[in-house]
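**Student:** here are the coordinates; sequence isn't available:
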């Protein structure tokens, strides 16, 4: 169809044969920069362009604070940022948002799809809405704070860091968790902490069913200090009364089998 | 026939630590005064210790050590650690190691980083960028197959 004269026509991005990868890797350079702050509208930009713009601002322009307007639930935004900075997404993100980061403090004002903060090494991610399944999958360090609810398998294979939700979490939360902490203020679905190796899960509401080898733990002063510090840091109000769950350590004989394997989960 | 515990295999490394990778010790492994001034809160994102919360004092072959996840190796600590400050000291030694660029994982970035990133990671402001012109290594004498 021929474009109608006088009507603005958006140029279609050139994609690979599968229609998944945009081939043009040029940087849009459209952000409004004010000192160390920047802002740009992602409404008509593809995922690759948005991420390229973010990296250009943070790595090459020395920007410390970026606001992205209209992320429109695109997938894989804000990934692999390896520098200290602040990023604010005004809206929702799709799946694999803000994965593989090391250093940024990110605020998402909407919701996120599955696997937010996947493999985060360090940093902070605060989500004002809900998060899909696999939030904090393989998390290595840093804090993931979700003010809404979480989907299934939150913190699967978690190896460090802290996941906090003010809402509920679905089934298999903390599945195969190896280290780190989860603070679930609401209810939790069945299979909590199933096959966990280590780490701690705090639950404020009802637990539908514990997973294999997940057992109640003894509360200590260190738990009180941790909970108080995290709630204070993120201005989450008064923490609810929490139950603590840990690994029963009946499921595996990890140390006697292969001591050097311990290093791999640190 | 030699017994198994008598067989020497010097090329077989069963425990990798930072000294093995770098070939030397660093001052902050031997002198507590070299790390006392490190501000852990300033070096980590957010309002608290963030990822350092998971870093604790461990032990490697009987020596106190901290694990450097960026090079998958232990960094041994040879000075006396004051009681009650074990984890704090471990974190400070680790950060001294990372911010100085001595971590083996950081040293590898210059050659192997495939996309732009600060060489010294997120801890050092103004660190130079690396990985901006990565090219796949070519094995000498190797030709791609004809198919």
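**Tutor:** Right, received. Where do you want to start? Not measured: the values here are computed from a predicted model.
**Student:** okay, CA-based contacts and neighbour counts for the rest of this
**Tutor:** Fine.
**Student:** list the contacts of the helix or strand harbouring residue A:224.
**Tutor:** Secondary structure from DSSP states H and E places residue A:224 in helix A:221-233. Here helix A:221-233 makes contact (Cα atoms under 8 Å, 6 or more residues apart in numbering or on different chains) with A:237-239, B:47-48.
**Student:** and after it, which helix or strand comes next?
**Tutor:** strand A:243-247.
**Student:** centroid residue for chain B?
**Tutor:** The residue lying closest to the centre of chain B (Cα atoms, centre = their mean) is residue B:103, at 3.5 Å.
**Student:** quick one: that one and chain A, what's the gap?
**Tutor:** Going from residue B:103 to chain A by Cα to the nearest Cα, to the nearest Å gives 16 Å.
**Student:** give the contact list for that residue.
**Tutor:** By Cα under 8 Å, 6+ apart, the neighbours of residue B:103 are B:18, B:68, B:70-71, B:97.
**Student:** 10 Å instead?
**Tutor:** Contacts for residue B:103 (Cα atoms under 10 Å, 6 or more residues apart in numbering or on different chains) come out as B:18, B:21-22, B:68-73, B:75, B:94-97, B:120.
**Student:** ok so, going back, in the helix holding residue A:224, what's buried?
**Tutor:** The neighbour-count check on helix A:221-233 (16 or more other Cα atoms under 10 Å in any protein chain shown) flags A:227, A:230 as buried.
**Student:** for it, give the mean pLDDT please.
**Tutor:** The average pLDDT within helix A:221-233 is 97.
**Student:** okay, now residue B:127: neighbour count?
**Tutor:** Residues near residue B:127, counting by other Cα atoms under 10 Å in any protein chain shown, number 15.
**Student:** let me know whether it touches residue B:106 as I believe.
**Tutor:** No. Taking contacts as Cα atoms under 10 Å, residue B:127 lies outside contact range of residue B:106: 11.8 Å.
**Student:** which residues are in contact with both of the two?
**Tutor:** Residues touching both residue B:127 and residue B:106 (Cα under 10 Å, 6+ apart) are B:99, B:118-121.
**Student:** of the residues you listed, list those near chain A.
**Tutor:** Residues of those in contact with chain A (Cα under 10 Å from any Cα of the partner chain): B:118-121.
**Student:** which one (most neighbours) among these?
**Tutor:** Neighbour-wise, those (other Cα under 10 Å) top out at residue B:120, 25 neighbours.
**Student:** any low-confidence regions in chain A?
**Tutor:** Applying pLDDT under 70 to chain A flags residues A:1-10, A:253-266.
**Student:** do a quick rundown of the strands in it.
**Tutor:** Secondary structure of chain A by DSSP state E: the strands cover A:32-34, A:37-41, A:65-69, A:86-90, A:102-108, A:122-127, A:143-146, A:159-165, A:179-184, A:188-192, A:200-203, A:207-210, A:214-216, A:243-247.
**Student:** buried ones in the fourth one?
**Tutor:** Right, the one you point to is strand A:86-90. Neighbour-count burial for strand A:86-90 [16+ other Cα under 10 Å]: A:86-90.
**Student:** quick one: distance of stretch A:117-133 to the chain centre.
**Tutor:** 2 Å (Cα atoms, centre = their mean, to the nearest Å).
**Student:** what distance separates the start and the end of it?
**Tutor:** Counting by Cα to Cα, to the nearest Å, you get 11 Å between the two ends of stretch A:117-133.
**Student:** next one: stretch B:29-41
**Tutor:** For stretch B:29-41, the end-to-end distance is 21 Å (Cα to Cα).
**Student:** relative to residue B:26, how far out is residue B:35?
**Tutor:** Separation of residue B:35 from residue B:26 (Cα to Cα): 12 Å.
**Student:** overlap of the contact sets of those two?
**Tutor:** Common neighbours of residue B:35 and residue B:26 (criterion: Cα under 10 Å, 6+ apart): B:96-97.
**Student:** okay, these two: which has more neighbours?
**Tutor:** residue B:35 (20 against 16).
**Student:** elements contacting the longest strand seen in chain B?
**Tutor:** Criterion DSSP E: the longest strand present in chain B is strand B:63-68. Secondary-structure packing of strand B:63-68 (3 or more Cα pairs under 10 Å, 6 or more residues apart in numbering or on different chains; DSSP states H and E): strand B:58-60, strand B:73-76, helix B:86-99.
**Student:** tell me the angle of the longest one relative to strand B:63-68?
**Tutor:** Between the axis of helix B:86-99 and that of strand B:63-68 there is an angle of 50 degrees, by axes from the mean of the first three to the mean of the last three Cα atoms, to 10 degrees.
**Student:** one step back: could you save the strands of chain A as JSON lines and add columns showing distance to residue A:96?
**Tutor:** Below are these laid out as JSON lines (distance: least, Cα to Cα, whole Å):
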{"stretch": "strand A:32-34", "distance to residue A:96": "26"}
{"stretch": "strand A:37-41", "distance to residue A:96": "20"}
{"stretch": "strand A:65-69", "distance to residue A:96": "17"}
{"stretch": "strand A:86-90", "distance to residue A:96": "14"}
{"stretch": "strand A:102-108", "distance to residue A:96": "13"}
{"stretch": "strand A:122-127", "distance to residue A:96": "13"}
{"stretch": "strand A:143-146", "distance to residue A:96": "14"}
{"stretch": "strand A:159-165", "distance to residue A:96": "16"}
{"stretch": "strand A:179-184", "distance to residue A:96": "20"}
{"stretch": "strand A:188-192", "distance to residue A:96": "23"}
{"stretch": "strand A:200-203", "distance to residue A:96": "23"}
{"stretch": "strand A:207-210", "distance to residue A:96": "27"}
{"stretch": "strand A:214-216", "distance to residue A:96": "28"}
{"stretch": "strand A:243-247", "distance to residue A:96": "28"}
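**Student:** need the ones you listed in JSON lines with distance to chain B, can you?
**Tutor:** Formatted as JSON lines, the strands of chain A follow (distance: least, Cα to the nearest Cα, whole Å):
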{"stretch": "strand A:32-34", "distance to chain B": "19"}
{"stretch": "strand A:37-41", "distance to chain B": "16"}
{"stretch": "strand A:65-69", "distance to chain B": "13"}
{"stretch": "strand A:86-90", "distance to chain B": "10"}
{"stretch": "strand A:102-108", "distance to chain B": "5"}
{"stretch": "strand A:122-127", "distance to chain B": "5"}
{"stretch": "strand A:143-146", "distance to chain B": "7"}
{"stretch": "strand A:159-165", "distance to chain B": "6"}
{"stretch": "strand A:179-184", "distance to chain B": "7"}
{"stretch": "strand A:188-192", "distance to chain B": "22"}
{"stretch": "strand A:200-203", "distance to chain B": "12"}
{"stretch": "strand A:207-210", "distance to chain B": "25"}
{"stretch": "strand A:214-216", "distance to chain B": "21"}
{"stretch": "strand A:243-247", "distance to chain B": "16"}
